[in-house]
Each structure stands twice: as C-alpha cells, then as structure tokens.
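Q: Sequence and computational prediction follow.
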Amino acid sequence: MSKVLVIVPTYNEAENVSLLIETVVQLPICFHLLFVDDNSPDGTAQIIENLLPKYKDLIFLEKRAKKEGLGVAYIHGFRWALERDYDYIFEMDADFSHNPNDLPVLLHALKTDKLDMVIGSRYINGVNVVNWPMNRVLLSYLASKYVRMITGMPIHDTTAGFVGYSRALLEGINLKTINFVGYAFQIEMKFKTYLKGYAYKEIPIIFTDRTRGKSKMSKGIISEAIFGVIKMKIKSIFKP
C-alpha cells in the first residue's frame with residue numbers, strides 16, 4: 001500500500017486545524033497529515049499537539065522557530081516526507097479553501113495516469129472560485145495568465161497551491177535550488193517540473209475562500225511573483 005502524506009503549513013490557523021484533522025482522517029483512503037507550524041502566536045501548534053495522542057501515527061507536527069515563508073515550510077515538509085519513505089506528497093492549505101474531499105480524486109489521478117505532479121486547478125474549466133471578491137479573482141486569474149505567457153508553461157493555474165507530487169519528482173528536483181519563499185514557490189515548482197519533462201495534469205477543483213482566520217496575502221508576495229518569474233525564466237535560458 002502506498003504511503004501518502006499531506007503537508008499543511010500553518011500560521012495562525014487555530015480556528016481550522018481541529019476540523020481539518022477530523023475531516024482528513026475520516027476519508028476512505030488513509031492520508032497522513034504533517035503540519036509545519038511557524039510559531040503561530042494563536043496557539044495553533046498547541047491544538048495540534050493536544051490531538052497527537054488521539055491520532056497517533058496519522059498526524060505529525062514540525063514546529064519552526066519563526067515565520068520564514070510558504071516555500072521554506074513546504075521544503076521542510078518535503079525533506080521530512082522523503083526521509084520517511086512516503087510515495088506521494090501533497091500540498092494543501094489549512095483554511096478549507098482546498099476541499100479535503102478532493103484528495104482521493106487527485107491521488108487517483110497520480111496513480112492511474114502515472115503522473116509525477118497533479119494540480120488541483122481553479123482555471124482549467126473556466127473560473128471555479130467561490131466567495132472571492134472580483135478584484136481578488138482577477139488578480140489570481142491574470143497572474144496565472146501572466147506566468148503562463150512569460151514561462152511558456154501550458155498550465156492554466158500556475159499559482160495553484162493544491163498539488164500532489166510523486167516521490168520520484170521530489171527526489172529528481174534539487175530542492176536546494178528552489179529560490180522563492182512566498183507563493184511564487186508554487187510557480188517555481190511547476191516550472192521545474194515542466195522543464196525536466198515530468199508528467200503532470202490539471203484536475204478541476206472548486207476553490208472556496210476561507211471563512212475562518214485571515215488571509216496571508218501581502219504586497220511583498222505579489223511583488224515576488226511578478227518580478228521573480230521574469231528572473232526565473234531568464235535564468236532557465238542560460239542555465240537550463
């Protein structure tokens with residue numbers, strides 16, 4: 001049986017983590033959960049710690065000293081997963097914007113289609129976003145269009161954060177070469193997957209904006225994505 005891990009970075013997600021754990025452990029397929037908490041001041045890590053005995057060998061917690069960015073948290077989780085021989089590794093937000101019930105669908109695609117990366121895509125079939133204000137929808141949609149134009153990747157949702165990887169892909173990509181620390185990390189992972197010729201596919205999902213907790217989006221994150229993508233593309237031309 002395949003070992004499957006879902007990595008969930010957390011920062012101030014005390015309102016969401018208990019329900020997320022309950023939802024994932026009740027899925028018909030066994031998914032392990034690894035929370036990578038960046039010293040949340042709202043007690044997120046303590047809530048998870050209190051649940052560790054109840055869900056022994058199903059949920060795990062890695063506590064970090066400070067908030068260093070989404071990409072850094074995921075790289076930490078990837079290394080943790082590879083050291084423990086997981087076959088498939090997923091990224092997922094803690095706020096239910098990514099529906100945990102979609103995990104079996106994405107895993108099925110990874111296995112049956114022999115993929116190395118599967119993307120839970122908001123934009124493969126139109127715009128499947130719920131409860132976002134129009135300006136946020138346009139920002140996200142146009143950002144993906146912009147990235148696709150600059151990089152040449154035939155991916156509709158280039159900034160998607162609901163992604164599954166094969167072990168082979170994470171072993172084949174040198175994680176030390178990942179430069180972005182914010183949401184642009186998602187773009188860089190897809191770009192490296194594309195450049196190295198790994199098999200991938202977009203699967204349509206419905207993305208629902210969080211109802212509990214606060215968004216982590218900032219101007220710095222947007223700036224990293226806009227200017228970093230150009231730098232990333234130029235670098236790939238001279239150093240493929």
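A: Yes, it's here.
Q: From now on I want contacts and neighbour counts done on CA atoms only, so please keep to that.
A: OK.
Q: Give me the contact list for the longest helix along the chain.
A: Counting by DSSP state H, the longest helix found in the chain is helix 219-238. Identification of contacts with helix 219-238 by CA atoms under 8 Å, 6 or more residues apart in numbering yields A143, V147, I150, T151, F180, G182, Y183, A184, I187, E188.
Q: any chance you could map the strands in this protein?
A: For the chain, the strands defined by DSSP state E occupy 4-10, 32-37, 59-63, 88-91, 117-121, 129-130, 163-166, 200-204, 207-208.
Q: What are the contacting residues of the third one?
A: For strand 59-63, the external contacting residues (CA under 8 Å, 6+ apart) are 21, 32-39, 45, 48-49, 52.
Q: Contact partners for T44?
A: Shown in contact with T44 (CA under 8 Å, 6+ apart): T10, Y11, N12, E13, A14, V17, D37.
Q: burial of I155, as a residue count?
A: Neighbouring residues of I155 were enumerated by other CA atoms under 10 Å; the total is 23.
Q: picking up where we left off before, now do the longest helix of the chain: distance to the chain's middle.
A: Averaging C-alpha positions (CA atoms, centre = their mean, to the nearest Å) puts helix 219-238 19 Å from its chain's average.
Q: Likewise for stretch 2-15?
A: On the basis of CA atoms, centre = their mean, stretch 2-15 sits 10 Å off its chain's mean C-alpha point.
Q: So what touches it?
A: Contact with stretch 2-15 is made by 30-44, 47, 67, 70, 73-74, 77, 81, 85-95, 212-213, as judged by CA under 8 Å, 6+ apart.
Q: what pLDDT does the residue lying closest to V129 once chain neighbours are set aside get?
A: Distance criterion CA to CA, 6 or more residues apart in numbering; nearest residue to V129, sequence neighbours excluded, is F207 at 4.8 Å. Note on F207: pLDDT of 94.
Q: ok, F207 to Y11 distance?
A: Distance of F207 to Y11, computed by CA to CA, to the nearest Å: 20 Å.
Q: where along this protein do the helices fall?
A: With DSSP H as the criterion, the chain has helices at 17-25, 44-51, 70-83, 103-112, 134-151, 167-172, 184-195, 219-238.
Q: right, so these: which one is the most enclosed?
A: Among the helices of the chain, helix 184-195 has the highest mean neighbour count (mean count of other CA atoms under 10 Å), at a mean of 22.
Q: what's the angle between that helix and helix 219-238?
A: Angle, helix 184-195 to helix 219-238, by axes from the mean of the first three to the mean of the last three CA atoms, to 10 degrees: 20 degrees.
Q: what's the spacing between stretch 183-197 and its chain's center?
A: On CA atoms, centre = their mean, the centre of stretch 183-197 falls 12 Å from the chain's centre.
Q: Give me the contact list for that stretch.
A: Contacting residues not belonging to stretch 183-197 are listed as 70-71, 117, 147, 151, 153, 158-161, 169, 173, 178-180, 221, 224-225, 228-229, 232, 240 [CA under 8 Å, 6+ apart].
Q: how close does D157 get to K196?
A: Distance, D157 to K196, using CA to CA: 19 Å.
Q: Which of those two has more residues huddled nearby?
A: The neighbour count for D157 versus K196, taken as other CA under 10 Å, is higher for D157 (26 against 13).
Q: for the more buried one, phi and psi?
A: For D157, the backbone dihedrals (degrees, to the nearest 10) come out as phi -110, psi 80.
Q: Now do the contacts for it.
A: Counted by CA under 8 Å, 6+ apart, D157 has contacts I119, S121, R122, Y123, I124, Y141, S144.
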